[in-house]
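> Sharing a sequence plus its predicted fold:
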Amino acid sequence: MTCEQNKKEESYVFFEDIGNYIKKADLAESTDELSNDESECNSFIESSRYDFKDKTTAKSICEQFKKLYVSLPELKCNPNSDPNYKKSSEFLNYWVNFKLREILQNEDDSVCDVYNYLENRITVGTCNYLLLKFIYDINKDDFYKMNILYRLYKNYTVLDTILENEGDIVNRTLLSHSTACCTDYLVANYMCNDGNDDDSNNSPFCTQLRNFKTKYDLLYNRVIEKNPEYTKYFKKLSECKKTNTMSTALIGTTVGLVPLLVGIYKVK
């Protein structure tokens, strides 16, 4: 085994540049560019065929990983030579966890077990050993929280981009994606402070949630500048209603993360 099974407390530092990473991930996940050498990913599928729900999806993830890794040149060689190494390595680790957990037959299977197959077949170059040092299984609690933040920023990115357009498409997009932000934000805010306006929780997750709220609140100013009428379709986080939305969103979390009978998870 080369991939680690355990890790110290998550830092969530890659969310400081999450907009850039979302763009890189979206580009890597597009199907416009195909690999010139499919043998590596074919070998990966063959060696790990019993781990996946779907071989086609698994092969696609392999190709995406190759493109995403190449798009992060700071990960090559010396980790001390680029200040972005830490953030980029943590983002790639999150991406690997997210993609592999989506298609593992058994959700209790280790991401590391499958990743080792992946890395052994497609990672090349004189500095490839560095990859072995930062891929690991993210614990389920942190992984759940990271997913919330990632969804929030994905929706934020769509909202920010759509403001360059005009017409009904803006109205529909603002409403659907700001509503989605409300759903996730209510859950995250409750996890941090029981839903109160209390910023005393300085855990990495809650700190990043506050950073998101600051950026999202500024987006409202852009909505007003673009067209005051658009504010009818843009939900501010402070106006999100605390209804059954939160309890609904909590269903499906990892076992043990949120006891459904209690309905509350307080970040320590």
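Right, received. Where do you want to start? What you see is a predicted model, and the numbers here were worked out from it, not measured in a lab. Numbering: from 1, shown residues only.
> How about residues contacting stretch 231-239?
Counting by Cβ atoms under 8 Å, 6 or more residues apart in numbering, stretch 231-239 makes contact with 159, 170-172, 174-175, 178-179, 181-182, 185, 213, 216-217, 220, 223-224, all of which sit outside it. Every C-beta, even on glycine, is put in place using the N, C-alpha and C of the backbone.
> you'd agree K59 is up against E46?
No. No contact is recorded between K59 and E46 when judged using Cβ atoms under 8 Å, the distance being 10.2 Å.
> neighbour-wise, which of these two wins?
Of the pair K59 and E46, K59 is the one with more neighbours under other Cβ atoms under 10 Å, namely 17 against 11.
> Going by neighbour count, which of the contacts of stretch 231-239 are buried?
For the contacts of stretch 231-239, a neighbour count by 16 or more other Cβ atoms under 10 Å gives the buried set as 159, 170-171, 174, 178, 181-182, 185, 213, 216, 220, 223.
> Format those as TSV; extra columns: distance to N106 and pLDDT.
Shown next, in TSV, are these (distance: Cβ to Cβ, whole Å; pLDDT from 0 to 100):
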residue	distance to N106	pLDDT
L159	36	95
V170	43	87
N171	43	88
L174	40	93
S178	36	95
C181	32	97
C182	34	96
Y185	32	96
K213	36	96
Y216	37	97
Y220	44	93
V223	44	92
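> what's the most distant pair in those?
Maximum pairwise distance in the buried ones among the contacts of stretch 231-239, criterion Cβ to Cβ, is 23.5 Å, between N171 and K213.
> Skipping its backbone neighbours, what lies nearest R172 in space?
Y233 (7.8 Å; Cβ to Cβ, 6 or more residues apart in numbering).
> Where does the prediction get shaky in the stretch 151-268 of the chain?
Low-confidence segments of the stretch 151-268 of the chain, defined by pLDDT under 70: 195-198, 242-268.
> that older thread, give me the subset of the buried ones among the contacts of stretch 231-239 that lies in helices.
By the criterion of DSSP state H, membership of the buried ones among the contacts of stretch 231-239 in helices covers 159, 170-171, 174, 178, 181-182, 185, 213, 216, 220, 223.
> What about K241, how many residues nearby?
A count of neighbours around K241, defined by other Cβ under 10 Å, yields 10.
> Can you name the residues that contact the closest residue to it other than its chain neighbours?
Once its chain neighbours are removed from consideration, K241 has its nearest residue in C182; the separation is 7.7 Å (Cβ to Cβ, 6+ apart). When contacts are counted by Cβ under 8 Å, 6+ apart, C182 is found next to 235, 237, 240-241, 245.
> Distance of C182 relative to D194?
In this structure, C182 and D194 are separated by 17 Å, where distance is defined by Cβ to Cβ, to the nearest Å.
> same thing with S203?
S203 sits 14 Å away from D194, going by Cβ to Cβ.
> neighbour-wise, which of those two wins?
In this comparison of S203 against D194, neighbours counted by other Cβ under 10 Å, the higher total goes to S203 at 16 against 11.
> List the buried residues of stretch 149-162.
In stretch 149-162, the ones that count as buried by 16+ other Cβ under 10 Å are 149-160, 162.
> would JSON lines of those residues with distance to F143 and secondary structure be doable?
Written out in JSON lines, the entries for the buried residues of stretch 149-162 read as follows (distance: Cβ to Cβ, whole Å; DSSP: H, G, I helix; E, B strand; the rest coil):
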{"residue": "L149", "distance to F143": "11", "secondary structure": "helix"}
{"residue": "Y150", "distance to F143": "10", "secondary structure": "helix"}
{"residue": "R151", "distance to F143": "13", "secondary structure": "helix"}
{"residue": "L152", "distance to F143": "15", "secondary structure": "helix"}
{"residue": "Y153", "distance to F143": "16", "secondary structure": "helix"}
{"residue": "K154", "distance to F143": "16", "secondary structure": "helix"}
{"residue": "N155", "distance to F143": "19", "secondary structure": "helix"}
{"residue": "Y156", "distance to F143": "20", "secondary structure": "helix"}
{"residue": "T157", "distance to F143": "21", "secondary structure": "helix"}
{"residue": "V158", "distance to F143": "23", "secondary structure": "helix"}
{"residue": "L159", "distance to F143": "25", "secondary structure": "helix"}
{"residue": "D160", "distance to F143": "26", "secondary structure": "helix"}
{"residue": "I162", "distance to F143": "29", "secondary structure": "helix"}
